[in-house]
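Asks: have a look; sequence and predicted model below, questions after that.
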Amino acid sequence: MCVFLHENSNPAMKLELTESRREKLKTAAFIFFLLVYLGLFLNAGIKVISRPVLKINSDAVHYFKTAYNLVNYGTFSQQFPRGDEIGDESYRPRPTAKREPGYPVFISPAFFFDPTLRGMSEGDFVFEDGELILPSKAPCWLTLAALFLTSLLGMWVTLRFTRNRLLSIVALFGIGLSPAFLVVVRQLLSENLAALLLLGFSFTFYLSVKKGEIKYYAVSGLLLGVLVLTKGVFQFAWIVAACFILIHHLLKKVPLKRVAGVVFLFLLSYFIVVLPWMGRNYRHFGRAFITERGGGTLVIRAVYNDMMTPKDYAASFIYWVPTRYTEELAVRLFGRDVINRLDVTHPDSIHSSVKAIRAEKAREYENSVRADSAMISMAVSEIKSHPFRHLIICFPFAWKGIFVEIDDHFFIPASLISLLLFTGFFAFTLRALIKREWEHVALVLPSLYLFGMHMLLTWCNPRYNKPMIPVLWIASLFVLQLAWQKISRRFEKSPDPGRE
């Protein structure tokens, strides 16, 4: 009894026991929230997938058809047979390159998991109101799995950056239960896979710069290659990344021989992945490229430069905020005719005019690859003739591209979440540049590249920027932690009036 009292009277022993209990409580709370998240995630995922009929359209049809042709014919092609070719045993789709191969390869195992997909014939591709009805939801489960892995990786990276379990749990919930990602599961689009690859590349690129180890350069190069084959917009990111590595090492006065070695290894890893696909396209189409859709996208942007009036420009900053009230406000301030020009679904919109121009240009050439090259030349010529106008119009498109979330999340308006995430992201970037924390710049550089490319060269559909969401959460939570620590220190330093 005396010994027991003596041991507990030791302040150091009491402190050690208290810290141990606190750590156990934190661990238990962390595991509890992980289990809660798992339950919520499965519930949300099953709700999305289990709706009765699965219809896909637009890009998703192309992805699915490419996966179908790959499994059944061993050919990367999004081609559908003509009516007289259905049932013809000699039919083989011709190779195409309108879509990147990464996502179709990713969902192709669904054909082996589910016999109903394996048993589909060309005649089963029945369209209804421009939509394709799928007999199986197996591809959706693969897309949901990509989201689950992204959320876990986002949690782990946040924990590594902040050393705060609560913030890492916030990142887990924010990423995994994001309505923007959950809707993609049923739409059968590539954004969830792209988000996983972008986060993986961003983190390994960060480790490359921070640690300088050869293995990280090799892995980051490989991941960039797979990312490019999933989202062709990243096809020039290797130039940005290689220049960043080179400049960073030279600033640190690393020997030139080592600098050349790591840059070479990074590029070698990258080109090992992408060159086979580019070689395949050169063999079939006479041009080495990732995807042939660049010309059509660039034409859209060039035509906006030419057709956007000052009224359109001003109205876009209100109309492109996705809330229930902004469209009414924009109509009241600028009139319905102006808003119709900005509404991509309206027949009188600028976007509809672009579609007509693209269709006309496509008819002038024998195949889509030549048409794409011609449209790139036309768009570049138009942009070069008015470069200042092009840069000015970047601002409303950048504003439009910020609103990546689509539904209210945790009872907070989606547009506000998007604004907060991008504010944190740009604050993180600015702080890293000012403090010359180059490893932090490396983390956000791929996302900056993605945002910049869409701002400069596309009509910046917010969906295009969805893969940034995990990095947005990580950067914003890191900034939030720094702000909280700064506020806490100020309160600690302020004198206590009660003691005077």
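Replies: Sure thing, it's come through.
Asks: what's in contact with stretch 43-61?
Replies: Surrounding stretch 43-61, the residues in contact under the criterion Cβ atoms under 8 Å, 6 or more residues apart in numbering are 64, 99, 128, 130-134, 136-137, 140-141, 144, 147-148, 177, 182-183, 185-190. For every residue, glycine as well, the C-beta is placed using N, CA and C.
Asks: at 6 Å instead, please
Replies: Residues outside stretch 43-61 that contact it (Cβ atoms under 6 Å, 6 or more residues apart in numbering): 130-134, 137, 140, 144, 182, 185-189.
Asks: of the residues you listed, keep whichever come out buried.
Replies: Buried subset of the contacts of stretch 43-61 (neighbour count, 16 or more other Cβ atoms under 10 Å): E131, L132, L134, K137, C140, L144, L182, V185, R186, Q187, L188, L189.
Asks: list the contacts for the last one?
Replies: For L189, the residues meeting the contact criterion (Cβ under 6 Å, 6+ apart) are D59, A60.
Asks: please report how far it lies from S58.
Replies: Relative to S58, L189 is positioned 9 Å away (Cβ to Cβ, to the nearest Å).
Asks: swap in the fourth one?
Replies: To S58, K137 is 18 Å away according to Cβ to Cβ.
Asks: I487 too?
Replies: Taken as Cβ to Cβ, the spacing of I487 relative to S58 amounts to 47 Å.
Asks: thinking again about what came up before, check the contacts of stretch 43-61 and tell me the two furthest apart.
Replies: Checking these against each other with Cβ to Cβ, the farthest-apart pair comes out as G130 and L144, at 24.9 Å.
Asks: SS state for the nearest residue to P413 once chain neighbours are set aside?
Replies: Take P413 and drop its neighbours on the chain: the residue closest to it by Cβ to Cβ, 6 or more residues apart in numbering is T323, 6.9 Å away. Three-state call for T323 (DSSP: H, G, I helix; E, B strand; the rest coil): coil.
Asks: so T323 touches S418, yeah?
Replies: No: the pair T323 / S418 is not scored as a contact, 10.9 Å apart, by Cβ atoms under 6 Å.
Asks: so which of those two has more stuff around it?
Replies: More neighbours surround S418 than the other of T323 and S418, with 24 against 14 (other Cβ atoms under 10 Å).
Asks: just the contacts of stretch 43-61: which are in helices?
Replies: Secondary structure of these is defined by DSSP state H; positions in helices are C140, L144, L182, V185, R186, Q187.
Asks: looking at those, which is nearest L265?
Replies: When the ones in helices among the contacts of stretch 43-61 are compared for distance to L265 (Cβ to Cβ), L144 comes out closest, at 34.7 Å.
Asks: ok, that closest one touching V185?
Replies: Yes: checked against Cβ under 6 Å, the pair L144 and V185 is within contact range at 4.8 Å.
Asks: mind listing what T143 touches?
Replies: T143 makes contacts with V185, N192, as judged by Cβ under 6 Å, 6+ apart.
Asks: separation between it and L196?
Replies: Here the criterion is Cβ to Cβ. By it, T143 lies 10 Å from L196.
Asks: picking up where we left off before, same list (the ones in helices among the contacts of stretch 43-61) but as JSON lines, adding distance to R287.
Replies: Rendered in JSON lines, the data for these read as follows (distance: Cβ to Cβ, whole Å):
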{"residue": "C140", "distance to R287": "34"}
{"residue": "L144", "distance to R287": "36"}
{"residue": "L182", "distance to R287": "38"}
{"residue": "V185", "distance to R287": "35"}
{"residue": "R186", "distance to R287": "35"}
{"residue": "Q187", "distance to R287": "31"}
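Asks: and which of the residues you listed is nearest E364?
Replies: Closest approach between the ones in helices among the contacts of stretch 43-61 and E364, by Cβ to Cβ: Q187, at 32.7 Å.
Asks: now the closest one: closest residue in space that isn't a chain neighbour?
Replies: Once its chain neighbours are removed from consideration, Q187 has its nearest residue in A60; the separation is 5.8 Å (Cβ to Cβ, 6+ apart).
Asks: which stretches of the stretch 51-200 of the chain form helices?
Replies: Using DSSP state H, counting those that start in this stretch, the helices of the stretch 51-200 of the chain run over residues 59-73, 102-107, 110-113, 115-118, 138-162, 165-176, 179-187, 191-211.
Asks: closest one to R389 among these?
Replies: Proximity to R389, assessed across these by Cβ to Cβ, is greatest for helix 59-73 (29.6 Å).
Asks: what angle do the closest one and helix 179-187 make?
Replies: Following axes from the mean of the first three to the mean of the last three Cα atoms, to 10 degrees, one obtains 40 degrees for the angle between helix 59-73 and helix 179-187.
Asks: ok, back up a step: pop out the phi and psi values for the residue nearest to P413.
Replies: The main-chain torsion angles of T323 are listed as degrees, to the nearest 10 and equal phi -130, psi 170.
Asks: which stretches of the stretch 51-200 of the chain have low pLDDT?
Replies: Scanning the stretch 51-200 of the chain with the threshold set as pLDDT under 70 gives 83-85, 87-88, 126-130.
Asks: per-residue pLDDT, L298?
Replies: According to the predicted model, the pLDDT of L298 comes to 87.
Asks: so what touches stretch 447-466?
Replies: The set of residues that contact stretch 447-466 without belonging to it, under Cβ under 6 Å, 6+ apart, is 180, 191, 233, 237, 240, 297-298, 300-301, 394, 397-398, 400-401, 403-404, 468, 471.
Asks: let me see the mean pLDDT of it.
Replies: With pLDDT averaged residue by residue, stretch 447-466 scores 95.
Asks: mind checking the end-to-end distance for that stretch?
Replies: 10 Å (Cα to Cα, to the nearest Å).
Asks: report the buried residues of that stretch.
Replies: For stretch 447-466, the neighbour count (16+ other Cβ under 10 Å) marks 447-451, 453-460, 462-466 as buried.
Asks: need the helices of the stretch 51-200 of the chain in TSV with distance to L246, can you?
Replies: Compiled in TSV, these are given as follows (distance: least, Cβ to Cβ, whole Å):
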stretch	distance to L246
helix 59-73	36
helix 102-107	27
helix 110-113	42
helix 115-118	46
helix 138-162	25
helix 165-176	32
helix 179-187	35
helix 191-211	12
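Asks: just the CA trace of stretch 233-253, in CSV.
Replies: Once non-C-alpha atoms are left out, stretch 233-253 reads as follows in CSV (Å, rounded to 0.1, in the frame of the first residue of the first chain):
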residue,chain,number,x,y,z
VAL,A,233,-3.8,17.2,-70.7
PHE,A,234,-0.7,16.1,-68.7
GLN,A,235,1.3,15.3,-71.8
PHE,A,236,3.5,18.4,-71.5
ALA,A,237,3.9,18.1,-67.7
TRP,A,238,7.1,16.2,-68.1
ILE,A,239,8.7,19.4,-69.4
VAL,A,240,7.6,21.4,-66.4
ALA,A,241,8.6,18.7,-64.0
ALA,A,242,12.1,18.2,-65.6
CYS,A,243,12.7,22.0,-65.6
PHE,A,244,11.7,22.2,-61.9
ILE,A,245,14.0,19.3,-60.9
LEU,A,246,16.9,20.9,-62.9
ILE,A,247,16.4,24.4,-61.4
HIS,A,248,15.9,23.1,-57.9
HIS,A,249,19.1,21.1,-58.0
LEU,A,250,21.2,23.8,-59.5
LEU,A,251,19.9,26.3,-56.8
LYS,A,252,21.1,23.8,-54.2
LYS,A,253,24.4,23.6,-56.0
